[in-house]
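>>> pasted the sequence and its predicted model underneath.
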Amino acid sequence: MGVYLDYNATAPIRPEAEAAVLRALRLGGNPSSVHAAGRAARAAMEMARAEVAALVGMPSGSVVFMSGAAEANALAIKSALAHGTRRLIVSAIEHETVLETARTSGVEVEYLPVDAAGVADVAWLKDRLARWDAADGAPFVALMLANNETGVIQPVAQAGALVREAGGWMHVDAVQAAGKIAIDQKALSADTLALSAHKLGGPAGAGALVFGNRARLVRQLHGGGQERSVRAGTENVSGIAGFGAAAAASKMLIDQSAWRDSSAERLVREAGVAVIGDGAPRLGQTLCFATPGFASDLQVMQMDLAGVMVSAGSACSSGKVKASKGVEAMGRPDLAPYVLRVSGGWASTEADWQVFTDAWLKAHAHHRLRHAAQPAA
Ligand code: PLP
């Protein structure tokens, strides 16, 4: 199949998750049914709930299962709006599902800036919350725990403490951080936290919003009492069971920083690439770098031809390669069209990183030769 280093888009299914999906599919019942098949389906779901909750140090009852983090992010924002928040603060590097839900919410949106290394500016947030106008309702702040493009880990605990002090709602998209760094939702002061199964080695189409005591979720789907009446619709039992198994396996945190760093060192030394987020705390399996003049889409295609699967800044739903928004937010729009993201995970090996590095350096040398051979315009 080639070398797969695009885990931040989707991780390959873990064998234990695949087995749990198949087991749950065969149960057949509806978890709301009182008969034996229904009870078996519910038991599988509740086991998964405990496993997902444990991943972020929360009790089982705080997990609402849904279709993924897109839905979880939307539910957090829409719940805050339903409680009268008239102004949203979202970091400039949030995932599109947060940015677009905020942009289309009909209320004012302010963007928490990031510095040149891609780290959110907590001083800005402190100052902004100190000037908060009560007429705007309780503040709502969304800051992701780790960025999907750069892997940069954000100062969420500090931001969360400020938001709590201001009586606001702290939402944390922890999709990329889960399984890579330890997460204690209470220590982050996160009122809500979003997770997605397929980033952990579970199936796509299952995710969760994990909520604390202060969060008041407001249902968006009606007519069913599932998930404590917060999320109507018969639960995706097999997906949820796979999510649970993946969450349990993800207690063993993934850190490939030694492999990632030796790859980065070679790329810098032999091709002079700019490593994005270098110097900031980063996930140990994400490498994001820019090579001015070597376009992202060309790099992704060349790597694919060499049997190595990586991506531009982030996976784009349209299948097109777009300039990296995160790198633009870091004040480097000049680098954004030239970004490549390489991300390993549970099944990656040191050899995978080496194959990628060799293949990329070869493609880069070829590109430079062709470029140099072109007559000046
Ligand atoms: N948040 C982040 C940081 C992500 O990387 C993703 C996945 O692309 C999502 C949210 C959305 O997750 P899903 O597509 O599983 O709903």
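That came through, no problem. Residues are numbered from 1 along each chain as shown.

>>> setting aside sequence neighbours, what's the nearest residue to the residue in the stretch 51-200 of the chain that the ligand sits nearest to?
Proximity of the stretch 51-200 of the chain to the ligand (CB to the nearest ligand atom) peaks at residue 68, 2.7 Å away. Where you see a C-beta, it was placed from the backbone N, CA and C, and this is true even at glycine. Spatial nearest neighbour of residue 68, chain neighbours left out: residue 207 (3.7 Å); criterion: CB to CB, 6 or more residues apart in numbering.

>>> kindly report the same for residue 296.
Closest residue in space to residue 296, ignoring its immediate chain neighbours: residue 312 at 3.7 Å, by CB to CB, 6+ apart.

>>> got a list of what that neighbour touches?
When contacts are counted by CB atoms under 8 Å, 6 or more residues apart in numbering, residue 312 touches 296-297, 299-300, 321-324, 339-341.

>>> could I get the pLDDT score of the residue of the stretch 51-200 of the chain closest to the ligand?
In this model, residue 68 is scored at 98, pLDDT.

>>> surely it touches residue 204?
Yes. Taking CB atoms under 8 Å as the definition, residue 68 is a contact partner of residue 204 at 7.1 Å.

>>> ok, those two, which is more surrounded?
residue 68 (23 against 16; other CB atoms under 10 Å).

>>> check contacts around the more buried one.
Residues in contact with residue 68 (CB under 8 Å, 6+ apart) are 196-198, 204-207.

>>> re the thing from before, let's see which of the contacts of residue 312 end up in helices.
Secondary structure assignment by DSSP state H places 296-297, 299-300 of those in helices.

>>> which of the residues you listed are buried? Put it as a ChimeraX command.
Buried subset of the ones in helices among the contacts of residue 312, written as a ChimeraX selection, criterion 16 or more other CB atoms under 10 Å:
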select :296,299,300
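
>>> max pairwise distance over the ones in helices among the contacts of residue 312: which two?
297 and 299 (7.3 Å; CB to CB).

>>> ok, and for stretch 234-248, which residues are buried?
Within stretch 234-248, the residues scored as buried using 16+ other CB under 10 Å are 235-248.

>>> mind naming the longest helix for the chain?
Ranked by number of residues, the top helix in the chain under DSSP H is helix 350-373.

>>> residue contacts, residue 28?
Here residue 28 is in contact with 37, 41 (CB under 8 Å, 6+ apart).

>>> related to what we said a few turns ago, find the residues that touch each one of residue 68 and residue 204.
Counting by CB under 8 Å, 6+ apart, the contacts common to residue 68 and residue 204 are 197-198.

>>> quick one: the strands in the stretch 151-300 of the chain, in order.
Secondary structure of the stretch 151-300 of the chain (DSSP state E, counting those that start in this stretch): strands located at 169-173, 192-196, 207-211, 274-275, 286-290.

>>> show me the one of those that comes nearest residue 86.
Judged by CB to CB, the one of the strands of the stretch 151-300 of the chain that comes nearest to residue 86 is strand 169-173, at 12.9 Å.

>>> that closest one to strand 207-211, inter-axis angle?
Strand 169-173 runs at 150 degrees relative to strand 207-211, counting by axes from the mean of the first three to the mean of the last three CA atoms, to 10 degrees.

>>> please renumber the chain so that the first residue is 51 from this point on.
From this message on, residue numbering opens at 51, which makes the last subject strand 219-223.

>>> report whether the helix or strand of the chain with the lowest mean pLDDT contacts the ligand.
Least confident helix or strand of the chain, by mean pLDDT, DSSP states H and E, is helix 375-379 with a mean of 89. No. Interface with the ligand: helix 375-379 contributes nothing (CB under 6 Å from any ligand atom), its closest point being 10.3 Å away.

>>> which parts of the stretch 251-400 of the chain sit against the ligand?
When proximity is defined as CB under 6 Å from any ligand atom, the stretch 251-400 of the chain approaches the ligand at residue 257.

>>> state which one residue of the stretch 251-400 of the chain is found closest to the ligand.
residue 257 (5.5 Å).

>>> what distance do you get for that residue to residue 77?
Applying CB to CB, to the nearest Å, the value for residue 257 to residue 77 is 21 Å.

>>> who's more crowded, the two?
Between residue 257 and residue 77, counted using other CB under 10 Å, the more crowded position is residue 257 (28 against 21).

>>> contact partners for that one?
With CB under 8 Å, 6+ apart, residue 257 has these contacts: 115-122, 244-247, 293.

>>> kindly reformat the contacts of residue 118 as a markdown table containing pLDDT.
A markdown table is the format used below for the contacts of residue 118 (pLDDT from 0 to 100):
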| residue | pLDDT |
| --- | --- |
| 246 | 98 |
| 247 | 98 |
| 248 | 98 |
| 254 | 98 |
| 255 | 98 |
| 256 | 98 |
| 257 | 98 |
